[in-house]
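Undergrad: I would like to see how this sequence folds:
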Amino acid sequence: MSASSRKRIVLLGATGSIGENTLRVIATHPDKLELVGIAAHSNHARLAEIARAHPGVRHVAVFDHAAFAAAKSAHAFPADVALHGGLAGLNFLAQLPEADTVLVAVVGTAGLEPALAALAAGKNLALASKEILVLAGKFVMAAARASGAKLLPVDSEHNAVFQCIQGHPSADVSRIVLTASGGAFRDWPVEKLAHVTVADALKHPNWSMGPKITVDSATLANKGLELIEAQCLFGLRADQCHAVLHPQSIVHALVEFTDGAMLAQLCPPSMTFPIQHALLHPARAPGVDAPLDLTKLLSLEFRPVDEARFPMLRLAREVMHAGGSAPAAYNAANEIAVAAFLAGHIPFLAIPQVVDKTLQTLTSFEPADLAAVLAVDAEARRVATSSLPTFRV
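TA: Below is the predicted model:
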């Protein structure tokens, strides 16, 4: 593939775990992929390293205003690199004329506006920030349809479903099953959960991820968010979206068709597989990491999810049936609760309690526009924050 025919990538969230794995994919396929823009919340030193390693990068954005000011004064970027700041900077990068695909790996809801900006500009959107669809799924999907741009899922589970349903009419899909590792406390006695520490919660058995998503994996909020996202992404009913525990994290999702047959997608627990699939789609190429070795002993175990042990999944299921603004409230309250837990302000078991109290306080409705969704997000954060003193350690 000639340099002119390489896919040009903008990476929002370049310094996180998804970003670092994306850089590995791009480095493995320099003949097929070129990095042209990068952004991060505040780690401008790492952004400068990335810019120097990728000569195609001409635009860099730093979201945090203090970090942006520090980046400007540091003069660490090559002279031909333009530096942009704040949300406006992310939106600018999302619409770069030279970009083909924008990969959004921004933690939380800060990636919503850039994702919509990318779609409005006709860019293919590789989406790793599940909160975006949970918060404003119907508006994001409408924007994708209006622009004709591709929306390519990067989460390993949604990417797996995407691969399994290719070539099959949606009417043939009976249900989808997302797999969950069970996180750090999958095999802990229930009574021990009352004494969980932050360090305990960050010891994921299979995946290397950021703190927030690692805690979400321990509560199974991550799987709840993924079920909500899958419902939106694939146009499914709530009762068509299921989850099972799969400790090995090798089967990432299964799709059951109306005839009872199931297709599954398998690969090692490395994010390079779904990232590469999304960036190169529809092409295939040798992967970054080694594939499964079926000549070695391989065990695949599946267990039902105990929703009494994992109440965040039960709450997610209730939210999916409620629809409307409920998913946005669930996501916002969870972000507040997880941040409070990571800061040592509330115990681990208080996370679902904060979310439940927020959902009970707010009345779900069908948002008419994006402003209404953002208002729900803000109100849910206010309600969740006000409830924190009730649960303090």
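
Undergrad: what residues go with each domain of the protein?
TA: The record's domain split for the chain, according to automatic domain parsing, is 3-154, 167-269+304-310, 323-393.

Undergrad: Where does the residue lying closest to residue 28 once chain neighbours are set aside sit: helix, strand or coil?
TA: Nearest non-adjacent residue to residue 28, counting by CB to CB, 6 or more residues apart in numbering: residue 288, 4.8 Å away. C-beta: built from backbone N, CA, C; applies to glycine. With DSSP: H, G, I helix; E, B strand; the rest coil as the basis, residue 288 sits in coil.

Undergrad: can you check residue 80 too?
TA: coil.

Undergrad: cool, residue 389 as well?
TA: What three-state DSSP gives for residue 389 is helix.

Undergrad: Give me the neighbour count for it.
TA: Neighbourhood size, residue 389 [other CB atoms under 10 Å]: 9.

Undergrad: For it, report the pLDDT, please.
TA: For residue 389, the pLDDT comes out at 94.

Undergrad: that older thread, I'd like to know which of the domains of the chain lies nearest to residue 282.
TA: domain 3-154 (9.6 Å; CB to CB).

Undergrad: Could you report the neighbour count for the nearest residue to residue 227 once chain neighbours are set aside?
TA: Distance criterion CB to CB, 6+ apart; nearest residue to residue 227, sequence neighbours excluded, is residue 241 at 4.6 Å. Residues near residue 241, counting by other CB under 10 Å, number 23.

Undergrad: Residue 241 bridge partners, please.
TA: residue 176 (DSSP bridges).

Undergrad: from memory it sits against residue 173, does it?
TA: No. Taking contacts as CB atoms under 8 Å, residue 241 lies outside contact range of residue 173: 10.8 Å.

Undergrad: Report all helices and strands that the helix or strand where residue 21 lies contacts.
TA: For residue 21, the host element (DSSP states H and E) is helix 17-28. Judged by 3 or more CB pairs under 8 Å, 6 or more residues apart in numbering; DSSP states H and E, the packing partners of helix 17-28 are strand 7-12, strand 33-40, helix 272-280.

Undergrad: so which of these comes closest to residue 155?
TA: Short answer: helix 272-280, nearest of the helices and strands packed on helix 17-28 by CB to CB, at 6.9 Å.

Undergrad: Please compute how far the closest one lies from its chain's middle.
TA: Distance of helix 272-280 from the chain centroid (CA atoms, centre = their mean, to the nearest Å) equals 14 Å.
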